[in-house]
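*Asks:* got a predicted model here, sequence first, then my questions.
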Amino acid sequence: MKINYLNADHTHALIDLPTNKTIEEVIHLFKGSSSHWINENRLIKGRFAWGRGYGAFSVSHSDVERVTNYISHQEEHHRKRTFADEYELFVKRYGLEWRDEGNR
């Protein structure tokens with residue numbers, strides 16, 4: 001993991017995907033290990049669990065520095081635009097297909 005940002009409603013992580021792992025396996029490890037650690041250390045009241053789903057996007061080597069900078073400024077960035085607003089714009093801008101429980 002090169003950099004990450006954790007917020008109450010979302011997480012950004014820039015990960016150099018190992019060639020022997022799928023995105024799904026890495027997400028499973030990330031969510032499982034962090035959930036276990038949070039619950040084991042009783043960092044919150046009750047039991048912590050990640051929400052369902054995730055988004056994964058590839059980044060060219062030439063854009064790693066730009067994406068790292070973007071992630072490192074998330075706290076400041078989200079004072080101006082909510083995650084939901086930004087994600088909706090991102091999906092529209094890049095012509096992505098949004099899938100949730102209703103349209104799987």
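*Replies:* Yep, it's here.
*Asks:* what comes into contact with the helix ranked longest in the chain?
*Replies:* Identified as the longest helix of the chain according to DSSP state H is helix 23-40. The contact list for helix 23-40 (C-beta atoms under 8 Å, 6 or more residues apart in numbering) reads 13, 15, 17-18, 21, 44, 47-50, 54, 56. Quick note: C-beta positions are derived from backbone N, CA and C, even for glycine.
*Asks:* try it again at 7 Å.
*Replies:* Contacts with helix 23-40, where a contact means C-beta atoms under 7 Å, 6 or more residues apart in numbering, come from 13, 15, 17, 44, 47-50, 54, 56.
*Asks:* host element of residue 67?
*Replies:* Following DSSP states H and E, one finds residue 67 within helix 64-72.
*Asks:* that helix packs against which elements?
*Replies:* When contacts are defined as 3 or more C-beta pairs under 7 Å, 6 or more residues apart in numbering; DSSP states H and E, helix 64-72 packs onto strand 3-6, strand 11-14.
*Asks:* please name whichever of the ones you listed is nearest to residue 79.
*Replies:* Residue 79 sits nearest to strand 3-6 of all these, at 13.6 Å, using C-beta to C-beta.
*Asks:* for that closest one, list every residue counted as buried.
*Replies:* Applying a neighbour-count criterion of 16 or more other C-beta atoms under 10 Å, one finds 3, 5 buried in strand 3-6.
*Asks:* residues in contact with the nearest residue to residue 14 once chain neighbours are set aside?
*Replies:* Of all residues not flanking residue 14 in the chain, residue 2 sits nearest, at 4.4 Å (C-beta to C-beta, 6 or more residues apart in numbering). The neighbours of residue 2, taking C-beta under 7 Å, 6+ apart as the test, are 14-16, 68.
*Asks:* residue ranges with poor pLDDT in this protein?
*Replies:* 98-104 (pLDDT under 70).
*Asks:* now do the SS call for residue 20.
*Replies:* Classification of residue 20 using DSSP: H, G, I helix; E, B strand; the rest coil returns coil.
*Asks:* still on that earlier bit, between the helices and strands packed on helix 64-72, which gets nearest to residue 60?
*Replies:* strand 11-14 (12.3 Å).
*Asks:* count the neighbours of residue 34 for me.
*Replies:* 15 (other C-beta atoms under 10 Å).
*Asks:* okay then, goodbye and thanks.
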